[in-house]
Structure formats: C-alpha cells, structure tokens
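Q: Can you look at this prediction? I've put the sequence above it.
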Amino acid sequence: MVATRKLTPFEEVNLFFDQAAESLGLSDGHREMLRRPWRELHVQVPVRMDDGHIEVFTGYRVQHNGARGPYKGGIRYHPEADVDEVRALASLMTWKTALMNLPFGGAKGGVQVDPGELSVAELNRLTRRYTLNIEHLLAPNRDIPAPDLGTNAQTMAWMMDAYGQLHGHSPACVTGKPVEIGGSLGRDSATGRGVAYLINQTARDMNMNPDGARIVIQGFGNVGSWTARLLQEYGCQVIGVSGVRGGVYNSKGLDIPALLEHQRESGAVPGFAGGEDITNEELLELECEVLVPAAIGNVLTAANAPKLRTKLVVEAANHPATPEADDILAERGIQVMPDILVNAGGVIVSYFEWTQNLQEFRWEESRVNEELLKIMDRGYQDVREMAASQSITHRQAAFRIGVERVARAVELRGFV
Ligand code: NAD
C-alpha cells in the first residue's frame, strides 16, 4: 500500500475500503457507489461576534451512505475541518455502524473554527446558524448528529433547540445531549468505556496482563480522560497523557483524578506536579504496553511508526494512523485495533439515546453500560474471528465485515 504522493484523508480511508471491496469481489460499479458520499452540503455560517463585527465560517454536512438506516455521525469544530476530512470521517461512520450492526448509515459534519477562540455566546450563535443551514437534511429518521472533537453536550442542546424551533420538540434529532434534556445516562463516558473494555480484552487475548500494564494516551478530552479513568478499574497504569499543548509522564503511573483537576484549573495538561512535562512527539514514543491515540487524525506516520515502543496500538481517535504507518506497524508485529471498532462506544450509546427518545423512556445507567459492553464484545469477537480465520489484520477484518453488510443492504433494497 505505498503511495507516490501524499493522499488525502478520504483517499487513505478508501485504501482500506478498496482492500475490503476487492476481497469481497464487488463490481466496479458497486465499489463506486459505496465509496462516494451520497450527498454533501457546504454552508456559510455567519456569526455576529461579541464586539459587533461579523465573521463568516465554513461548515459541512456529508452524508456518506444511508443504506442501513438514518445517517449518523458527529459534528466537529476544528480549524482544519475541511470537506475531505469530513468525507473521510463520514465514510468511517458508515463502516463503523455496519460493523457494530447498528441500524444507521454514516455521516459527519464540521465547521472550520477554533472553538477555544469563541465566547460561549458566540458558540451558541454559530451552532444555531449552522443548524439552521443544514436543518433540511436533519430529522430523527433522516440524519442524527452527535458531538465530536471540539463539540460537546452543550453544543447538542443548542442544536436540538434550534431544530425544535422549526419542527417542535424533537429530542431524537441529535444525540449526546445533556441528561437533563433527553441525553442518555452513560453517554458521556461511553466511548472511553468501550476503549477501556477493548484494551482489557485485547491485552488478555495477547497474553498480556492488563493489571499493571503501562498505558500511554494522547488526548485528554472526552475520550482520553474517560479511558484513563476507567482503565484504572482494570488495574492498568496510565504513565503518559497529553493534550494539544503537550503532555506529562510518570513512570510509576499518573494520578488521573488529580490530573483532571489540574487540567480543569490550568486549562492544559503540562505543568502537573505529579509528573514531568513531555512533548506530544516524545509521548508517542514512550515505552509502554498499550498506546492509545485519542486526539486527532494522522498522528502515527511513516516517520514515527518505526520508533514506537509499544506492543499494542488501540485507535480511540478516528483515523490516527496513515496507511504507511499501518504497514510499518504490521511489519513490526505491533498489533493495531482499528478505530471503527475501538471508538464505537459513542455511537452505540447514541443509538440507545435515540431509542430512548423515540420511546420517551429512560434506561438506568447500569443497563446502558451493560448493553454497551455486549455490543462492543460482539463486534470485537466478530473482528477477532474474521482476522484469525482469514489471516488478515484486525483493520482488514473490521472493514470487510462493515463493507459486506452495507453492500448487502444496498442489494436487498434494490437501489440499482
Ligand atoms: P475532545 O475535544 O473532547 O478532546 C480532544 C483532546 O485532544 C483534547 O485533550 C485536546 O487537547 C487534544 N488535542 C487536540 N489537538 C491535539 C494535537 N494536535 N495534539 C495532541 N492532542 C491534541 O474530543 P473527543 O471527543 O475526546 O475526541 C477525540 C477523538 O476521538 C477524535 O478523533 C474523535 O473523532 C474521536 N471520537 C470521539 C467520540 C466521542 O464520543 N466523543 C466517539 C468516537 C470517536
């Protein structure tokens, strides 16, 4: 899988798709239909800033494939959220929801903005305008956004409110909402819970004892911090953690609740008294049993893959490894658990939230967590069995299962 020029994120994801399509013997026409997004919307998002001037941001909603159900996928606020990246993430959602056998298709949205630069009032106005501009695509039975990088439960509350002003109260139009207004118990921790569960299972199946295993996590937002907290329940030692401004390291294990408190107070990970500061580059190359990228994409590359000193990479972030890095890690015998399996906990509990909203019923948190782990485990076992029986990587197995299910849905529905 060697590229002669730098591929875009969507092209990179499609290398994995193409491998799966090839192994399934799909025709060229089917491949084209499954590869390309069904619909893309580009919008401008004008916002009156607090000082009175107007800024115009760019936003997208990409609906990649809806053969298996309503489109589902998060909204990202990030300065580099361009349409190609949103397409890549939308397609990953298609393969992820199919792999986990959820009744959804795949979509993603994004606004090119640094949310840290905007006030709460500006973010509220930006979210409302973006929602109004993509509103005709959304509905509980059409397309259901959720939070992603740079957005959170508050963002979803604003989206629900803006949508509701036009359509009446519709809590099932977005997931990841605050619990007080229709969010599911357990949604906030869901992705991290699934990641921690998967690390524990994979480590055991690799004959590694999770108890005392050294874990390094890049990203200390929703996914990274919940993963770190929950891993302690399995007895793991989180020895390194980073955020956008750098990381901290302690060979004896970091005190995660204290680090969270430090981040809350100072706004960043570095400067924590319970460890020494390190850069993001140094963090990725720390010696450990499990490395968990849980921040942004493309952080594992041909440049640093030869230098990683881990046994297992668990992809909590979406698309953290380039195809070149993937090849190098495979050659080096470093096992990689792929994003579309690892971080599916978020969309699984989003599915529970959506069903609870449609039924106007609320589950206990224990039920949410239990059902979440059941689905995570089924996905994990499917991937593991396919990888073992076909002698392929876990990523190849995950894509093959996801692509096959979507191809089957397209065929059954008689699209062409
Ligand atoms: P978040 O915004 O809550 O946290 C992101 C973290 O990454 C922060 O700690 C931030 O400081 C750090 N970060 C940002 N840029 C960085 C950089 N250049 N280098 C190092 N660290 C950097 O986001 P999140 O919801 O935790 O999402 C993290 C990843 O997980 C994303 O790739 C997202 O697509 C994926 N994901 C999230 C969910 C979910 O439920 N939130 C579900 C599936 C996948």
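A: Arrived safely. Numbering: from 1, shown residues only.
Q: any idea whether residue 260 is helix, strand or coil?
A: Look at residue 260: counting by DSSP: H, G, I helix; E, B strand; the rest coil, its state is helix.
Q: Measure how buried it is and give me the count.
A: 16 (other C-beta atoms under 10 Å). Any C-beta I mention is one placed from the backbone N, CA and C, and that applies to glycine too.
Q: which non-adjacent residue is nearest whichever residue of the stretch 1-150 of the chain sits closest to the ligand?
A: The nearest approach of the stretch 1-150 of the chain to the ligand comes at residue 149, 4.4 Å away (C-beta to the nearest ligand atom). Among residues not flanking residue 149 along the chain, residue 76 sits closest, at 4.8 Å (C-beta to C-beta, 6 or more residues apart in numbering).
Q: quick one on the thing from earlier: the residue of the stretch 1-150 of the chain closest to the ligand: what's it in contact with?
A: Contact partners of residue 149, counting by C-beta atoms under 8 Å, 6 or more residues apart in numbering, are 74, 76, 77, 78, 221, 296.
Q: and it, what helix or strand is that in?
A: Following DSSP states H and E, one finds residue 149 outside all helices and strands.
Q: where do the helices sit along this protein?
A: Under the criterion DSSP state H, the chain contains helices at 9-24, 28-35, 83-99, 120-134, 153-167, 187-205, 222-231, 256-266, 280-284, 323-331, 339-342, 345-359, 365-390, 394-413.
Q: where does the residue nearest the centre of the chain land on pLDDT?
A: By C-alpha atoms, centre = their mean, the chain has its centre lying nearest to residue 318, at 4.7 Å. Looking at residue 318, its pLDDT reads 93.
Q: what does residue 3 give?
A: For residue 3, the predicted pLDDT is 51.
Q: With residue 6 instead?
A: At residue 6 the predicted local confidence, pLDDT, stands at 85.
Q: Just give me the neighbour total for it.
A: 9.
Q: Residue 401 reaches residue 385, doesn't it?
A: No: using C-beta atoms under 8 Å, residue 401 is not in contact with residue 385; the gap is 9.8 Å.
Q: who has more neighbours, those two?
A: Comparing residue 401 with residue 385 by other C-beta under 10 Å, the one with more neighbours is residue 401, at 22 against 12.
Q: Excluding sequence neighbours, find me the nearest residue to the more buried one.
A: Residue 401's closest residue in space is residue 99 (C-beta to C-beta, 6+ apart), at 5.3 Å.
Q: so what's that neighbour up against?
A: Taking C-beta under 8 Å, 6+ apart as the test, what residue 99 contacts is 340, 341, 344, 379, 382, 383, 398, 401, 402, 405.
Q: What separation do you get for the second one and residue 243?
A: Going back to what we said before, that points to residue 341. 25 Å (C-beta to C-beta, to the nearest Å).
Q: residue contacts, the residue of the stretch 51-200 of the chain found nearest the ligand?
A: Residue nearest to the ligand within the stretch 51-200 of the chain: residue 191 (3.7 Å; C-beta to the nearest ligand atom). Applying C-beta under 8 Å, 6+ apart, one finds that residue 191 lies in contact with 222, 223, 226, 227, 316, 343, 345, 346.
Q: Model confidence for the nearest residue to residue 307 once chain neighbours are set aside, exactly?
A: The shortest distance from residue 307 to any residue other than its chain neighbours is 5.0 Å, reached at residue 285 (C-beta to C-beta, 6+ apart). pLDDT for residue 285: 97.
Q: Show me which residues of the protein sit near the ligand.
A: 147-150, 191, 218-224, 242-244, 280, 294-296, 316-318, 343, 346 (C-beta under 6 Å from any ligand atom).
Q: Give the buried subset of those as a ChimeraX selection command.
A: The following ChimeraX line selects those of those that are buried, judged by 16 or more other C-beta atoms under 10 Å:
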select :147,148,149,150,191,218,219,220,221,222,223,224,242,243,280,294,295,296,316,317,318,343,346
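Q: pLDDT on stretch 74-82, on average?
A: For stretch 74-82, mean pLDDT is 96.
Q: Tell me which residues of that stretch come out buried.
A: So for stretch 74-82, counting by 16+ other C-beta under 10 Å, buried means 74, 75, 76, 77, 78, 81.
Q: isn't residue 208 right next to residue 310, touching?
A: No: using C-beta under 8 Å, residue 208 is not in contact with residue 310; the gap is 11.0 Å.
Q: Please identify which of the two sits among more neighbours.
A: Neighbour comparison, residue 208 and residue 310: the larger count goes to residue 310, with 22 against 17 (by other C-beta under 10 Å).
Q: Skip the chain neighbours and tell me the closest residue to the more buried one.
A: That would be residue 291: by C-beta to C-beta, 6+ apart, it lies 4.1 Å from residue 310.
Q: Run a quick neighbour tally on the one you found.
A: Neighbours of residue 291 using other C-beta under 10 Å come to 28.
Q: Run through the residues that contact it.
A: 215, 216, 218, 284, 308, 310, 312, 313, 314.
Q: Identify the residues contacting the fourth one.
A: When you say that, I think you mean residue 284. Residue 284 sits in contact with 216, 218, 291, 293, 299, 300, 304, 308, where contact means C-beta under 8 Å, 6+ apart.
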